[in-house]
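Colleague: Any chance you can model this:
(4 chains)
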4 protein chains.
Amino acid sequence: MVHETVTMEGHLIDSDILRRAFARIVEGGGEFEVEEFRVGKRNDDASFVKLSVTAADAGALDSILEDLNYLGAATVVADAQFAPAEADGILPDEFYSTTNYDTFVRLEGRWEPVRDQRMDCALVLREGAPSCVKQGQVTKGEPVVLRGPGIRVKPPERSRDFSVFGFMSNDISAEINKGIVISGAAREMRRTRDEGGKIVVVAGPAIVHSGGDAPLARLVRDGWIDVLLTGNAFATHDLEKSILKTSLGVCQMSGRAMEGGSRNHLWAINAVNRKGGIRPAVESGLVTSGVMYEAVKKGITCVLAGSIRDDGPLKDVVTDVVAAQKAYVEALRGAGMCLMLASALHSIAVGNLLPARVRTVCVDMTESVPVKLSNRGTMQAIGLVTDVGFFLERLEAELTRANA
Amino acid sequence: MVHETVTMEGHLIDSDILRRAFARIVEGGGEFEVEEFRVGKRNDDASFVKLSVTAADAGALDSILEDLNYLGAATVVADAQFAPAEADGILPDEFYSTTNYDTFVRLEGRWEPVRDQRMDCALVLREGAPSCVKQGQVTKGEPVVLRGPGIRVKPPERSRDFSVFGFMSNDISAEINKGIVISGAAREMRRTRDEGGKIVVVAGPAIVHSGGDAPLARLVRDGWIDVLLTGNAFATHDLEKSILKTSLGVCQMSGRAMEGGSRNHLWAINAVNRKGGIRPAVESGLVTSGVMYEAVKKGITCVLAGSIRDDGPLKDVVTDVVAAQKAYVEALRGAGMCLMLASALHSIAVGNLLPARVRTVCVDMTESVPVKLSNRGTMQAIGLVTDVGFFLERLEAELTRANA
Amino acid sequence: MVHETVTMEGHLIDSDILRRAFARIVEGGGEFEVEEFRVGKRNDDASFVKLSVTAADAGALDSILEDLNYLGAATVVADAQFAPAEADGILPDEFYSTTNYDTFVRLEGRWEPVRDQRMDCALVLREGAPSCVKQGQVTKGEPVVLRGPGIRVKPPERSRDFSVFGFMSNDISAEINKGIVISGAAREMRRTRDEGGKIVVVAGPAIVHSGGDAPLARLVRDGWIDVLLTGNAFATHDLEKSILKTSLGVCQMSGRAMEGGSRNHLWAINAVNRKGGIRPAVESGLVTSGVMYEAVKKGITCVLAGSIRDDGPLKDVVTDVVAAQKAYVEALRGAGMCLMLASALHSIAVGNLLPARVRTVCVDMTESVPVKLSNRGTMQAIGLVTDVGFFLERLEAELTRANA
Amino acid sequence: MVHETVTMEGHLIDSDILRRAFARIVEGGGEFEVEEFRVGKRNDDASFVKLSVTAADAGALDSILEDLNYLGAATVVADAQFAPAEADGILPDEFYSTTNYDTFVRLEGRWEPVRDQRMDCALVLREGAPSCVKQGQVTKGEPVVLRGPGIRVKPPERSRDFSVFGFMSNDISAEINKGIVISGAAREMRRTRDEGGKIVVVAGPAIVHSGGDAPLARLVRDGWIDVLLTGNAFATHDLEKSILKTSLGVCQMSGRAMEGGSRNHLWAINAVNRKGGIRPAVESGLVTSGVMYEAVKKGITCVLAGSIRDDGPLKDVVTDVVAAQKAYVEALRGAGMCLMLASALHSIAVGNLLPARVRTVCVDMTESVPVKLSNRGTMQAIGLVTDVGFFLERLEAELTRANA
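Modeller: Numbers count the residues shown, from 1 in each chain, chains lettered A, B, ... in the order given. Below you'll find the predicted structure:
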């Protein structure tokens, strides 16, 4: 039997960390003894625990300690260890794999915060700072942080305030009073803006089918949205609606696509690409309304990521998915809040790129997208099961009322 | 400002009780101070906490204390208070409303366990014992427990063992390795049988569409199922398959219902009802295979609850839903485990009637049924998102292998 | 080889009848030869076909002819044949099983229309008229129509007009422009009202979660709804919201149910039942707003059908499901349009009771409810996949605009 | 008023073409008169119709005629018209947009079949043959077919045979007897193999979660699969399972991902990429089992398309989505059958690339994927709502039994 002592500090109970730590020890075949425990006396006080962990052998103990480390536990205090990347895109086997929790690396006795925090990356020393880098983008010889000492993780703490985000995180609210969630989201948007954080929208094409494009365009126009992450389909639907006002490629009687009706979809792409892309299409007067129009006019950041389903695509689309991920990461710098609207593909992609501290709402017609997000580690996302058109109309009403 | 001191004891951290207590206080507009906290030192030790709770006025404090009471907190120790039911089915307004957690009522200084524990009932003194009774079934003058002192709740504690039920409760496992959940369910079935608990199956008609009727019939035959709770549709599909072997009301070429093809469905009901019901239909040789056949042969408890969707119905169906609820409650006495298989209606109904301590697996094609169960308080249910035919085939294989 | 000649008349092509007839013959192992075909020359003309059908033996031919009869084909013209019901609820084995298509029975040389047309019933001669009667409600000795001659079915014909119902029937419109479907539904409501047909709403509890109760209450108040078919849960949510205005059983901060929070749900039932039911609760001033309030004030027909999931239930609930089906059938007499709103259970129940000619829209969050309706024969239902709160807000706006 | 005469020939009734033609005319605001109609007398005979179509003006008539052309109607017989592409990726505005139906272009009096038939492409003359080319891949000056004369479309005809594909196309079979669909799929696989067509599998990662990887690997090994179209996630799950046998990145007790557990996922990618990709990883002995292993051993065509969600990615992944589409198109040449297994993204992508004549089965846990496929024009896909693990186990059993 081997054992080790670890300490943890923070809102260990409110943030559900102590329970998970106990569970990991037992799951890992270990036992624990609480050597010391100081609970935060009042609402705002942090707690502290010192645990003695015992396991059958060193391998089992190491595995438990690694798990606890991911929950913020500190063991031996020492500088982080590094090994060079073997080749471009090839890590040393003992690489440390990141979570989306804020992480610190100990370099020469100081705890340095990690840049571009997100899950499933290597930690690489770049320009002197530990940085999250996807394994495929590590270059030969770069120093890669190894598993073991010198890494500290700070899981997000649930705030004890009254916001929807304090209490609802990680719940999927199919049957909840939706008005309460939507007004909570509006409150967080105002708070984020006051704090100087960026508000990011991840947009799927169902926004257009549901008529949510009109309120979303107004939110962009009125300065509520800083970043728009989407793909070719959403942008094309929105542009087609602006350019081909009366026909839209659907029969105006039946509301259904006509035989060969996706011609209008292709026609819109052709017309925009002939101008040279979305911005020149707006500047030339071809496009005069819609979400993309307002985004160009307002000058917000837009990234269109390619997918294998795409028609066209529009010239603005980043067709290489590795490049598109990089562009998304750039755009997400400084994000304080994220609205994921009716796009499984892009929502999960953005969830992979966001630090857990960013307040996130995922709106979709089924429970499956928020459940998937949560299973993949984007546990901060509040799932709201509703029609995205409904959400955007109500959200705009909340934000307008609040401004009045 | 008013305040009150409460104590809580048990696996407060593992069972996620302390976190929820803190949250309820803050949600209710109160504050707390931890006066004393003793954490269980080892895996099996209970913890103890003494909290001082403060709120702005007596009303807010009472509301918080009631919430904490539902989480197992003890405040003033005194006997429970009663008032008589005003009329048949009419409670005094201050009635206590139950959860599905084990509950105790203090009568003349002794803590008496509640009978037929389930959620959303009144607590009535019947034959000297506090009992969960639906409000509609309380009779005039019966003593009804009021909100306030003398009620103690014991939330279920997560076991720290390695079973699937210890760690997975309340997760919805759409993307999990399904084999692990199914073998966990098989393990729990064996354990339940060893402990003398009953194994209950709640069955929906999709079992027959998926070919799960064959393995389910064998599980009944081999003594794995003690109680079958279902409705008219499942039983009729199963009986039609037994009686009308070659036709089944679906075209054998296309697999689709024929024009007028539900005639066979009605024909099977007619044939069984002519014999006088399912048992005589089996005894007379009309029905010679299937789940209902094995259930009659084995003599297990079956209850068929009526629904407004029913054809027929079969004579065995309890068409009054209040009577059907009573029959389900009777059948659930002694339940140790519950498999909810592809029936939203009956699964939620049974969730309402089950104490939270009963190990429960809910198998359905979408996340929405387990999410609904959890939202309605059946938080012990493990959701497995898969095809019920697949689940039953694999479950049978696990149980057969284990017996070998 | 045996053969028989059949004729069919009507919009055989527009209504997709000829295609299905050809398919049934080949599925049934037969062959056909078109002896005569006259296509309707213009949009409004009927077509006529005379087919010679050949099969290997008399049994196969009979089976094909029965299928064709369900599609409206006429073969030998003769009076219908009858046999008496063997006992209460027991039919002769050769009973004819109905569809939801308009059906006529030949009695002494005259084709008599069937009363209370709906699917999966026996045809019984009552008060001289052929009537759809559920098998369980046939009494001993009543004359039951047998399979064979003297039955004529008239499948619904797709209108060639521009309404949403003309072209969209049987499509599930997850990605359609929802505004077009909703304005089509509003247009049909006006048309139904002009024609003197009743507008029926089938309501599920998600209407309240989504905030759709407010527009629905206004639609009832303004005379747009003639019949409300629902259950205990919807009515209780609506009444609780009216009676317990400020609390509602959910935490107003977080929007989630509180520990023991369904007490308010039970409390509302208790308060209404103490008054003697919903009408006295409205008349006494206990209930002063909401859908049930407006329904009582307007005097529209409401039926609350019981289910095994029910709390309480409210005194107004018909707890026997057979009695509830009868009450639904009564209420559906004269229905011209049906809105099925967010209730799988009640929507499928009502689909079983409606003739196919009633224009039907089914609004639900997933494709599965409209798919199930269609699989069970309610093929006239247009499925709209959206949030019911959204649908009701937009529908009210359409109806209000149109009135202005 | 203007009018035009058109003719159509083929299985106009069985294939539901005449009904759709009538509907399009009325939807488009026109009227028609049937000048001549000859129905196919027996099961195998083609029908012929000559319609006079009238509309209010030339624009409306042209729009109707274009719709009818997409349904196979012939009007004026003349050579196709061309205009050169304006620039790389920029079409002339009057370009013809393709469907997934077999299409012919009239060049100097001869009807030439179109190469690489798929939807939403331009028709370009390449190497003398009319070819489907995505708009982005047309190069400056290439001759592009314009809307109007010289294009003939041949909608797929429903075969009147007994196969599952003859009758079930375009149905979504949530509640159908699944065994019948699966045995139908097996029968079609054998038929496709006998005819020399390729069998294509589109694979999503849920196959691994459901344990479907084992039967799929055996199907590859035994020569049932010719082409595997998938992405980074499926391949990585499969490789991780092969390489890291005992751990798999999920806790073997609970079946859930561990804190930081996706490290194993990244580790597997790192190990395979270090070898240089999947093939060298197999050849070096690193990978010794699984679907990718069998695919390499058997030498079947595999394409891994990148997505913005990808970890890694594996070196084998085509990260540019335009290049990935091209690789999919190459791989789909000669496809006779396609199994789409639990991947919304790749299934819809492949649906966009497949001619409608390819027999297609789409297996998914919800109705929404098959509904989306159908809405987007992949109307030949039979939707089977079940767990993909279940499907693959049963499919293998069917194929094995049939071989015995």
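Colleague: switch to C-alpha atoms for all contacts and neighbour counts from now on
Modeller: OK.
Colleague: residues in contact with the nearest residue to A:Glu86 once chain neighbours are set aside?
Modeller: Counting by Cα to Cα, 6 or more residues apart in numbering or on different chains, A:Lys140 is the residue found nearest to A:Glu86 once chain neighbours are left out, at 5.7 Å. Contacts here follow Cα atoms under 8 Å, 6 or more residues apart in numbering or on different chains; on that basis A:Lys140 touches A:84-90.
Colleague: now with 6 Å?
Modeller: Counting by Cα atoms under 6 Å, 6 or more residues apart in numbering or on different chains, A:Lys140 touches A:85-88.
Colleague: With A:Gly10 instead?
Modeller: Neighbours of A:Gly10 in contact, by Cα under 6 Å, 6+ apart: A:46-47.
Colleague: circling back to that earlier point, and the contacts of A:Lys140, which are buried?
Modeller: A:85-86 (16 or more other Cα atoms under 10 Å in any protein chain shown).
Colleague: Throw the contacts of A:Lys140 into a markdown table and include pLDDT and secondary structure, thanks.
Modeller: Listed next are these as a markdown table, based on pLDDT from 0 to 100; DSSP: H, G, I helix; E, B strand; the rest coil:
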| residue | pLDDT | secondary structure |
| --- | --- | --- |
| A:Ala85 | 98 | coil |
| A:Glu86 | 97 | coil |
| A:Ala87 | 97 | strand |
| A:Asp88 | 97 | coil |
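Colleague: would you list the contacts of A:Lys140 in a markdown table and tack on distance to C:Leu239?
Modeller: Rendered in a markdown table, the data for those read as follows (distance: Cα to Cα, whole Å):
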| residue | distance to C:Leu239 |
| --- | --- |
| A:Ala85 | 66 |
| A:Glu86 | 68 |
| A:Ala87 | 68 |
| A:Asp88 | 66 |
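Colleague: Which stretches in chain A count as helices?
Modeller: For chain A, applying DSSP state H gives helices covering A:17-27, A:58-70, A:164-168, A:178-194, A:206-209, A:213-221, A:232-243, A:263-275, A:278-283, A:291-298, A:321-332, A:344-353, A:368-375, A:388-403.
Colleague: got the buried residues for the fourth one?
Modeller: Looking back up the chat, that one is helix A:178-194. Within helix A:178-194, the residues scored as buried using 16+ other Cα under 10 Å are A:178-190, A:192-193.
Colleague: Just the closest of these to chain D, please.
Modeller: Proximity of the buried residues of helix A:178-194 to chain D was ranked by Cα to the nearest Cα; the top entry is A:Lys178 with 23.3 Å.
Colleague: which residue sits closest to the closest one in space, ignoring its chain neighbours?
Modeller: Distances taken as Cα to Cα, 6+ apart put C:Ser210 closest to A:Lys178, at 5.8 Å, once the chain neighbours are dropped.
Colleague: Establish whether stretch A:141-154 and chain D are in contact.
Modeller: No - Stretch A:141-154 stays clear of chain D (Cα under 6 Å from any Cα of the partner chain), getting no nearer than 10.5 Å.
Colleague: pLDDT (mean, whole number) over that stretch?
Modeller: For stretch A:141-154, mean pLDDT rounds to 93.
Colleague: just the CA coordinates of that stretch, formatted as CSV?
Modeller: In CSV, the C-alpha atoms belonging to stretch A:141-154 read as follows (Å, rounded to 0.1, in the frame of the first residue of the first chain):
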residue,chain,number,x,y,z
GLY,A,141,11.3,20.5,-30.7
GLU,A,142,8.8,22.7,-28.9
PRO,A,143,8.8,22.1,-25.1
VAL,A,144,5.7,20.1,-24.2
VAL,A,145,4.5,19.9,-20.6
LEU,A,146,4.4,16.3,-19.2
ARG,A,147,2.0,14.7,-16.8
GLY,A,148,3.0,15.1,-13.2
PRO,A,149,4.1,18.0,-11.0
GLY,A,150,3.8,21.7,-11.7
ILE,A,151,0.3,21.8,-13.1
ARG,A,152,-2.6,23.3,-11.2
VAL,A,153,-6.2,23.4,-12.3
LYS,A,154,-8.9,25.7,-11.1
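Colleague: Can you tell me what sits against it?
Modeller: For stretch A:141-154, the external contacting residues (Cα under 6 Å, 6+ apart) are A:70, A:72, A:78-85, A:94-96, A:101-106, A:123-125.
Colleague: can you give me the strands in the stretch 1-150 of chain A?
Modeller: A:2-10, A:31-38, A:47-55, A:82-84, A:102-107, A:110-113, A:122-126, A:129-133, A:143-145 (DSSP state E, counting those that start in this stretch).
Colleague: how about the residues of chain A near chain D?
Modeller: Residues of chain A found near chain D (Cα under 6 Å from any Cα) are A:67, A:90, A:97, A:135-136, A:259, A:263, A:270, A:307-309, A:312, A:319-321, A:349.
Colleague: Can you say which two of those are spatially most distant?
Modeller: A:Asp67 and A:Glu259 (56.1 Å; Cα to Cα).
Colleague: give the contact list for A:Leu339.
Modeller: A:Leu339 neighbours (Cα under 6 Å, 6+ apart): A:201, A:360-361.
Colleague: Between the buried residues of helix A:178-194, which sits nearest A:Met340?
Modeller: Nearest to A:Met340 among the buried residues of helix A:178-194: A:Ala185, at 11.8 Å, using Cα to Cα.
Colleague: can I assume A:His3 is in contact with A:Leu51?
Modeller: No - using Cα atoms under 6 Å, A:His3 is not in contact with A:Leu51, being 10.2 Å away.
Colleague: neighbour-wise, which of these two wins?
Modeller: A:Leu51 (22 against 17; other Cα atoms under 10 Å in any protein chain shown).
Colleague: Stretch A:55-69 vs chain B: in contact?
Modeller: No - if you take Cα under 6 Å from any Cα as the test, stretch A:55-69 misses chain B, and the best it gets is 13.0 Å.
Colleague: which of the residues in that stretch are buried?
Modeller: A:55, A:60-62, A:64-69.
Colleague: Name the residues of chain A found near chain B, please.
Modeller: With Cα under 6 Å from any Cα as the criterion, chain A meets chain B at residues A:13-14, A:19, A:32-34, A:41-42.
Colleague: Tell me which two in these are the farthest apart.
Modeller: Of all pairs drawn from the residues of chain A next to chain B, the one with the longest distance (Cα to Cα) is A:Phe32 and A:Arg42, at 26.6 Å.
Colleague: Now do the contacts for A:Ala55.
Modeller: Each residue near A:Ala55 by Cα under 6 Å, 6+ apart is listed here: A:1-2, A:30, A:61.
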